[in-house]
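**Q** Everything below, folded, please.
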Amino acid sequence: MTAIEFLLDGLIDYAGLYPPASLDMHTAVRKYLEYGRSTHAQALGRFIVDLDQFPYLWDAAGDYVRGMKLSVIASCDTDWDELQGELGRLVDKGFAIEAVEIKGARAGDIGRIAMRIPSGVTTYFEVPIDAAPEVLDAVATAGARVKIRAGGPTAEAFPSTQALAQMLSDLAARRLIFKATAGLHHPLRGRHALTYAGNSPTAVMHGFVNLLSAAALLYFGGDARDAQLVLEEEWPGAWQVTDEAIVWEQNGWSADELREVRRQFFAAFGSCSFEEPVHDLEALRWL
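**A** Presented below is the predicted three-dimensional model:
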């Protein structure tokens, strides 16, 4: 595999049900199945779905649901004793539940919740971009992973490059695997529309290649100040993408190093669009 293929391998968890796409279940399922048969299917990760939407998922996908890798969104306030049994029943029915993503967990809840997730299901705890050390330590102790938000429906929802770089640095120091979500439709940082409406407001959004590069830099011993610089880079010419490596300025990562970063640090990002990230990479001639 080439460097860009290692970067993309299962990178994009498809969140078509969520804003700004907000697709109905039948459309989101159809698109996910189409992407799984497309030229760039390798980049497709899991289908993101709320726990209470599973009946509609079965109606929309039928037997095709058995070929869909799923990640379930749940809340910290869920009845975890009941959910533990429900997840088991869903798996028995043929749902390939690979991950659970939990919102709103407090440090004292993390270990208790993690113990109730069935064996073999990856657990993510969504934390604030300025999460306290004890929260990250609790996730690490539980053997779970972190989920961070890189954007949202308003310009104010996008964290600063300084805050994002510091969070990545804190995660790298603990060797905590993470996924990101929201506002990462484009490879490089730049100003884009917040919604698909013709009169949509715009905001400066983080790029997923910026994020990957910052993660790689920190994973291999770099510091948060340099990570902030790569997060702020908007010029495509600052990168060189070859089969063997991805290079930003004086920092480069081989295909093998990118594979390690993806497996051991930056697991995925959630996006309500699969096409935008792929089309932008093609426009840059990186894919």
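**Q** what are the ranges of the helices in this structure?
**A** For the chain, helices defined by DSSP state H occupy the ranges 3-8, 25-35, 54-61, 80-93, 107-114, 133-141, 161-174, 208-219, 224-232, 255-264, 275-283.
**Q** Can you give me every residue that contacts Y219?
**A** Y219 makes contacts with A172, E260, V261, Q264, F265, as judged by CB atoms under 8 Å, 6 or more residues apart in numbering. To be clear about C-beta, it is placed using only N, CA and C from the backbone, and glycine gets the same treatment.
**Q** That one - nearest residue in space that isn't next to it in sequence?
**A** Nearest non-adjacent residue to Y219, counting by CB to CB, 6 or more residues apart in numbering: F265, 4.8 Å away.
**Q** same deal with L23?
**A** Nearest to L23 is G16, by CB to CB, 6+ apart, at 4.5 Å.
**Q** Pull out the buried residues from the lowest-mean-pLDDT helix or strand in the chain.
**A** Sorting the helices and strands of the chain by mean pLDDT, DSSP states H and E puts helix 80-93 at the bottom, at a mean of 78. Residues of helix 80-93 classed as buried by neighbour count (16 or more other CB atoms under 10 Å): W80, L83, L87, L90.
**Q** go on, stretch 131-142?
**A** Those would be A131, V135, L136, A138, V139, A140, A142, for stretch 131-142 by 16+ other CB under 10 Å.
**Q** ok now do the second one, which residues does it touch?
**A** Applying CB under 8 Å, 6+ apart, we find V135 in contact with R106, A107, I110, V127.
**Q** run the last query once more with 6 Å
**A** Neighbouring residues of V135 by CB atoms under 6 Å, 6 or more residues apart in numbering: A107, V127.
**Q** Looking at stretch 178-185 now, give me its mean pLDDT.
**A** The predicted model gives stretch 178-185 an average pLDDT of 95.
**Q** Run the chain-centre distance for it.
**A** Offset of stretch 178-185 from its chain centre (CA atoms, centre = their mean, to the nearest Å): 5 Å.
**Q** same check, this time on stretch 189-197
**A** On the basis of CA atoms, centre = their mean, stretch 189-197 sits 18 Å off its chain's mean C-alpha point.
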